[in-house]
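Asker: What shape does this take:
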Amino acid sequence: MRRIISIFIITAMLLSALLSLTTVSAAEPRFSTDKTVYKVGEPIMVTATSYNSGGTDWVGITPKDKKDLGNLTWIYTKDTSTTFDIRKAPNWTTNKTLIKYETFPAGEYLVYFMPNDMNFKGNENKALGVIEIVVENDDRYPVKAPIDANYYPYDLDSGISDGVINITLPAEHGADDIEVWWGDENGRLAGYTMLARFKVPSKNGPVKFYYELDRRTFIPAGATRLMIYSYSDEHGESEIFYSAPLGNAQSYSFPEGEPLLEFAVISDTHVHDEASAENFKNALRDIAVNSPNSAGIFLVGDMVESGGSSAQWEQFWDTYDSVGAAPDIYLGLGDHDLFDHASYGEAVESFISQLRVPEGTDTPDGVPYYDLWLGGYHFIVLGDADGLAEGETARIGEAQYAWLEEKLSEDNNSRPVFLFMHQSLKNTVAGSAGSEGRWGIEDGERLQKILEDHPEIVMFNGHSHWTLDADNTIYAPKNSAAIFNTASVSYLWQSYDLPTGEQLEGSQGYYVKVYSDSVLVIGRDFANGKWVSSAQFVLEDKTTPEKIDTSELEKLINDAEAIDKTKYTEKSYNMLAAVLEGSKKALSATAQTEIDGAVKSLAAAIGALEEIKTDGGDGEETDSPETPKPTEESTTAPEDKGGCGSSFSALGVLLVCTAGASLVIKKRR
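Answerer: Numbering: from 1, shown residues only. This next block holds a predicted model:
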């Protein structure tokens, strides 16, 4: 019996010891990588387990030479099923000096395992494990992506993408160009084209350089980063990219409410066959869907391939009419519209016969220019005055200039005016071809001066067929009109490089949205149904005058002028006179708030008049039996005449009374 008991005791002790060893072994964390040398783009598989009750042990990775800055990307062990690709860990640094990588560029890295939310920085010796790995370039990728890039916006809050991208390419990068795309967590931002494409300054790497984004292009909603690729003419786009986060830069917020006016601008449809007609139809359909409230489509010339072909004009209008929901369309004379006519005069008459403009439109007899008003805004369409070289270059001419200046005199300079002409000014959006004089307006110096004198103008050209992008699309010197290249609906040239004689497939144009304090000119790729990232422009210096109601103020001014000053004390009437003078100046104010403030001040001044006391016949002074009151149409003044003081503003002297009427007068802009 004792022997049996001893055997049981010994067996129990052995089992207890074995269980104890098993528990100790299970409590120790496991940490490893599947290998230590990887190719660029290859998954980096990590195994990490721990039995931390809170699940707050974590794995991170950082470049070996930047380990003091913290982790690139990291994950809690509670959030993983033991083995995972560290490149796709869900958490990533908010340190602006480090970048989130989907694919780690070539270099040396540290993968580390830290206990219980402990920081890696300064606690390397407390890590549960640290593994050094190397990422090597893969010879399968002849074009190397950037190894470093940073985006530095000039203004974090405006939503405008103006700023600088600093880029570093590795040795033997093989790139001819850099491509930049808006991106989000899922990859390239859906619905947007490439943001920028530009030449690499040197084939010999490593090379560092920068690119400046245009100051008017806005950051689209949903964009969280820039995805930067290398591009080779021989091999195409790099297999991987570098991700530069936008940091604290905000996306652009559209003005509140519906636009005051919207319309579309297209150019160079060149309708003459099924392909060109289909491109035109696609653009019309896109406009009908994306701008159903559009006031119209302005087509800046070259409607058909040859203006002398009645068959082409018939095809043009059949195509337009087939899209029943398309807005009204307004045409401008292009150089191709002059082709195959016996004379310039015949060509102009043919063009005029094709116009579909509302009744009352000013269309001078026998000339290719006209103007109209839509939604309270002025639209002016110019045309070549004498058909030089069949329109390859153009001339405006004395008569058209005189007409234009007369038309512009009708406008309030604070209201945007929209001007259209097929050819461009030299040295503007037409690029090198324009500066050489092959394209452009021969007598454009006078137009340039007009544009400088009328900064409210937004002008659109066609003719160049160059793709929309920030470098070559907009020409807008400070305090001058803005001029936009309108690309083409039929075919395109690549604008970041000089045309090589090869036509590119494509179809582009603009949506224009007018708000009270800005004009948005938004590029559209009709062929692919996407917004042109590099042509999302904001013009904040084009303002629309507010509709002002001065009727109440005018009535109150009449009431004040009719008051008999002999009945009131000199002091109180002089105060009224000062306020009255300021109220008259307020009639020219450009904001309703200023008019309303003048009404309140003048009403208060009338109510604060003090009557002259007279002898009632028994030797005592009495108040006048009646005190003048404002008319029913005017604002009633406070009964308590506790005293008034004068306030100076851009409108003149305005009265501010202490009795229940504390006024803030907004200064005019």
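
Asker: only C-alpha atoms for contact and neighbour calcs from this point on.
Answerer: Fine.

Asker: wait, what's in contact with Gly334?
Answerer: Contacts were defined as C-alpha atoms under 8 Å, 6 or more residues apart in numbering; by that measure Gly334 touches 300-303, 383-384, 391, 422-423, 463.

Asker: The same query, at a cut-off of 10 Å, please.
Answerer: Shown in contact with Gly334 (C-alpha atoms under 10 Å, 6 or more residues apart in numbering): 267-268, 299-305, 307, 351, 368, 383-384, 387, 390-392, 394, 421-423, 462-463.

Asker: roughly how far apart are it and Leu260?
Answerer: Distance, Gly334 to Leu260, using C-alpha to C-alpha, to the nearest Å: 30 Å.

Asker: same check, this time on Gly307
Answerer: When Gly307 is compared with Leu260 (using C-alpha to C-alpha), they lie 35 Å apart.

Asker: Those two - which one has more neighbours?
Answerer: Ranked by neighbour count (other C-alpha atoms under 10 Å), Gly307 and Leu260 place Gly307 first, with 25 against 13.

Asker: ok, the more buried one touching His336?
Answerer: Yes - contact criterion C-alpha atoms under 10 Å: Gly307 and His336 qualify, at 6.1 Å.

Asker: anything in contact with each of those two?
Answerer: Joint contacts of Gly307 and His336 (C-alpha under 10 Å, 6+ apart) are His270.

Asker: can you give me the helices in the stretch 51-200 of the chain?
Answerer: Counting by DSSP state H, counting those that start in this stretch, one finds no helices in the stretch 51-200 of the chain.

Asker: Any stretches of it with poor pLDDT?
Answerer: Scanning the stretch 51-200 of the chain for pLDDT under 70 picks out the ranges 51, 53, 67-71, 93-103, 139-140.

Asker: swap in the stretch 401-550 of the chain?
Answerer: Checking the stretch 401-550 of the chain against pLDDT under 70 turns up 412-414, 429-438, 469-479, 494-503, 545-547.

Asker: contacting residues around the residue most central in space within the chain?
Answerer: Nearest to the mean C-alpha position of the chain, by C-alpha atoms, centre = their mean, lies Phe218 at 2.9 Å. Going by C-alpha under 10 Å, 6+ apart, Phe218 touches 158-162, 250-253, 520, 522, 533-538.

Asker: can you do 7 Å?
Answerer: When contacts are counted by C-alpha atoms under 7 Å, 6 or more residues apart in numbering, Phe218 touches 159-161, 252, 536-537.

Asker: Trp58 too?
Answerer: Shown in contact with Trp58 (C-alpha under 7 Å, 6+ apart): 74-77, 113-115, 117.

Asker: If you drop the residues flanking it in sequence, what lies closest to it?
Answerer: Of all residues not flanking Trp58 in the chain, Tyr76 sits nearest, at 4.2 Å (C-alpha to C-alpha, 6 or more residues apart in numbering).

Asker: same deal with Leu382?
Answerer: Excluding its sequence neighbours, the residue lying closest to Leu382 (C-alpha to C-alpha, 6+ apart) is Tyr369, at 4.6 Å.

Asker: was I right about that neighbour contacting Ala385?
Answerer: No - with contact defined as C-alpha atoms under 7 Å, Tyr369 does not reach Ala385; the gap is 8.9 Å.

Asker: which stretches of the stretch 151-300 of the chain form strands?
Answerer: 163-169, 177-184, 187-188, 196-199, 207-213, 225-232, 236-237, 242-245, 261-266, 297-299 (DSSP state E, counting those that start in this stretch).

Asker: any chance of the ones you listed in TSV, plus mean neighbour count and distance to Ile457?
Answerer: Below are the strands of the stretch 151-300 of the chain laid out as TSV (neighbours: other C-alpha atoms under 10 Å; distance: least, C-alpha to C-alpha, whole Å):
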stretch	mean neighbour count	distance to Ile457
strand 163-169	19	27
strand 177-184	21	31
strand 187-188	16	35
strand 196-199	18	27
strand 207-213	16	24
strand 225-232	24	33
strand 236-237	18	40
strand 242-245	26	36
strand 261-266	24	15
strand 297-299	24	16
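
Asker: okay, those in TSV with distance to Lys584 next?
Answerer: Shown next, in TSV, are these (distance: least, C-alpha to C-alpha, whole Å):
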stretch	distance to Lys584
strand 163-169	47
strand 177-184	53
strand 187-188	58
strand 196-199	53
strand 207-213	48
strand 225-232	54
strand 236-237	67
strand 242-245	55
strand 261-266	32
strand 297-299	42
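
Asker: Pull the contacting residues for Ala264.
Answerer: 296-298, 510-512.

Asker: Quickly list what it is bridged to.
Answerer: Ile297, Tyr511 (DSSP bridges).

Asker: Can you give me the distance of it to Gly296?
Answerer: According to C-alpha to C-alpha, Ala264 stands 6 Å off from Gly296.

Asker: picking up where we left off before, which of Tyr369 and Ala385 has more neighbours?
Answerer: The residue with more neighbours, out of Tyr369 and Ala385, is Tyr369; 26 against 21, by other C-alpha under 10 Å.

Asker: By neighbour count, which of the contacts of Phe218 wins?
Answerer: Neighbour max across those (other C-alpha under 10 Å) = Ser161, 28 neighbours.

Asker: quick one: that one and Ala221 touch, right?
Answerer: No - contact criterion C-alpha under 7 Å: Ser161 and Ala221 do not qualify, at 11.9 Å.

Asker: that older thread, what about the contacts of Gly334, which are in helices?
Answerer: Mapping the contacts of Gly334 onto helices (DSSP state H) picks out Phe351.

Asker: May I ask you to confirm that Glu540 is in contact with Ser518?
Answerer: Yes - the pair Glu540 / Ser518 is scored as a contact, 4.4 Å apart, by C-alpha under 7 Å.

Asker: Tell me which of those two has more neighbours.
Answerer: Legend: neighbour count by other C-alpha under 10 Å for Glu540 and Ser518, higher for Ser518 (19 against 13).

Asker: so who does that one touch?
Answerer: For Ser518, the contact set (C-alpha under 7 Å, 6+ apart) comprises 538-543.

Asker: again, only using 10 Å
Answerer: With contacts defined as C-alpha under 10 Å, 6+ apart, Ser518 is in contact with 254-255, 259, 416, 538-544.
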